[in-house]
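> sequence below, structure please.
(one chain, ligands or ions: 2)
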Amino acid sequence: MIKILFIGDIVGLIGCRTVKVMIPKLKEKYDGLDLIIANAENSARGNGVSKESAEFLFGCGCNVLTGGNHSFRNFSIYKEFKENNLILRPLNFSKNCPGRGFVVFETKKGFVAIINLIGQAYLEAATSAFDEMKNLLFKIKTKNIFIDFHAEATGEKAALANFLDGKVSAVVGTHTHVQTNDARILNKGTGFLTDVGMVGPYDSVLGVFPNLVIRRITTKMPVRFMVPEEGKCVFNAVYFEVNEITGLCEKIETINEIV
Ligand SMILES: [Fe+2]
Ligand SMILES: [Fe+2]
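Ligands and ions are numbered 1, 2, ... in the order given. Have a look, this model is predicted:
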């Protein structure tokens, strides 16, 4: 079995620090992990992913970082996107954007393709994730395929998972920062969770100081969102076991802790 841990949207310094604390514990709990993937789109101070936050997360043991609608917030990452193929941004952004949307990673139990996609509901997808996958599946040689579908709408995420059921190992949703309670293996063997959630401050609105979000909503004025750096932190992730012969998911388990 290939043991895969996927960590939900990591928010700011507090999220990065919590990942550093939790990875060794989870490696012990799951008796080693073959692959750790994390969504890093909010990991930099002030949002986005930066060279520094990416380096920190790789140093914690993450193997591949995915992104989303905030992937391009930091200019420092543009060069990294070109040079480091383990930092992904959604595949179905414009082909003119820096970076790439999938990578094939070699674990000690075989190759795993990791694909990052973005939804069309309320987000800036350039093309359909469904069409992209139809084209890409023919080109991928490994059966072990892991997808981070960064999307707002639950229905869009469930639809893509069912569209790919039996063709990929797992589809996880990210972006909402709230973990859903529906982890399951679909009928043809694809592991699915609508949203993994976040690693970010517990006393917050999706990772941001509540008063700032309330001000933004009640006044409609621009407000600079800031992330609490101290206090309790939510740690949301999901663990998969994938059969390396069939490429199908045999176990899925969510992780939801307050640290
Ligand atoms: Fe996010
Ligand atoms: Fe997002």
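
> any idea how far the residue of the stretch 1-150 of the chain found nearest ligand 2 is from C97?
Among the residues of the stretch 1-150 of the chain, G68 lies closest to ligand 2, at 3.8 Å counting by CB to the ion. Where you see a C-beta, it was placed from the backbone N, CA and C, and this is true even at glycine. To C97, G68 is 13 Å away according to CB to CB, to the nearest Å.

> more neighbours: these two, which one.
Using other CB atoms under 10 Å, the more surrounded residue of G68 and C97 is G68, with 26 against 15.

> and for the more buried one, nearest residue in space, chain neighbours not counted?
Closest residue to G68 in three dimensions, ignoring its sequence neighbours and counting by CB to CB, 6 or more residues apart in numbering: H150, at 3.6 Å.

> and whatever residue of the stretch 101-250 of the chain ends up closest to ligand 2, how far from ligand 1?
In the stretch 101-250 of the chain, the residue that lies nearest ligand 2 is H175 (3.9 Å; CB to the ion). From H175 across to ligand 1, the span is 6 Å (CB to the ion, to the nearest Å).

> ok, that residue - contacts?
Contact partners of H175, counting by CB atoms under 8 Å, 6 or more residues apart in numbering, are D9, G68, N69, G119, L123, H150, A151, E152, D195.

> go on, F240?
Applying CB under 8 Å, 6+ apart, we find F240 in contact with K3, I4, L5, F6, F146, S169, A170, G191, C249, K251, I252.

> of those residues, buried ones?
Applying 16 or more other CB atoms under 10 Å to the contacts of F240, the neighbour count classes K3, I4, L5, F6, F146, S169, A170, G191, C249, I252 as buried.

> if we can go back for a sec, now render the contacts of H175 as CSV, adding secondary structure.
Formatted as CSV, the contacts of H175 follow (DSSP: H, G, I helix; E, B strand; the rest coil):
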residue, secondary structure
D9, strand
G68, coil
N69, coil
G119, coil
L123, coil
H150, strand
A151, coil
E152, coil
D195, coil
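
> what distance do you get for the residue in the stretch 1-150 of the chain positioned nearest to ligand 1 to C249?
At 3.6 Å from ligand 1, D9 is the closest residue in the stretch 1-150 of the chain, using CB to the ion. According to CB to CB, D9 stands 22 Å off from C249.

> in strands only, show me the buried ones among the contacts of F240.
Using DSSP state E, the subset of the buried ones among the contacts of F240 located in strands is K3, I4, L5, F6, F146, A170, G191, C249, I252.

> ok, F81 - how many residues close by?
F81: 20 neighbours (other CB under 10 Å).

> whichever strand or helix holds it: what's the following helix or strand?
Element membership for F81, per DSSP states H and E: helix 76-83. As assigned by DSSP H and E, the chain's next helix or strand after helix 76-83 is strand 102-107.

> other residues contacting that following strand?
2, 34-35, 63-64, 85-86, 88, 91, 111-116, 136, 140, 142.

> alpha carbons of it, as PDB, please.
Output in PDB follows, covering the C-alpha atoms of strand 102-107 (Å, rounded to 0.1, in the frame of the first residue of the first chain):
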ATOM      1  CA  PHE A 102       1.000  18.100 -12.400                       C
ATOM      2  CA  VAL A 103       4.000  16.200 -11.500                       C
ATOM      3  CA  VAL A 104       4.900  12.500 -11.300                       C
ATOM      4  CA  PHE A 105       6.600  11.700  -8.000                       C
ATOM      5  CA  GLU A 106       8.600   8.600  -7.300                       C
ATOM      6  CA  THR A 107       7.900   6.900  -3.900                       C
END
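
> that one pairs with which strands, parallel or anti?
Applying DSSP bridges to the sheet, strand 102-107 is found paired with strand 110-118 (antiparallel).
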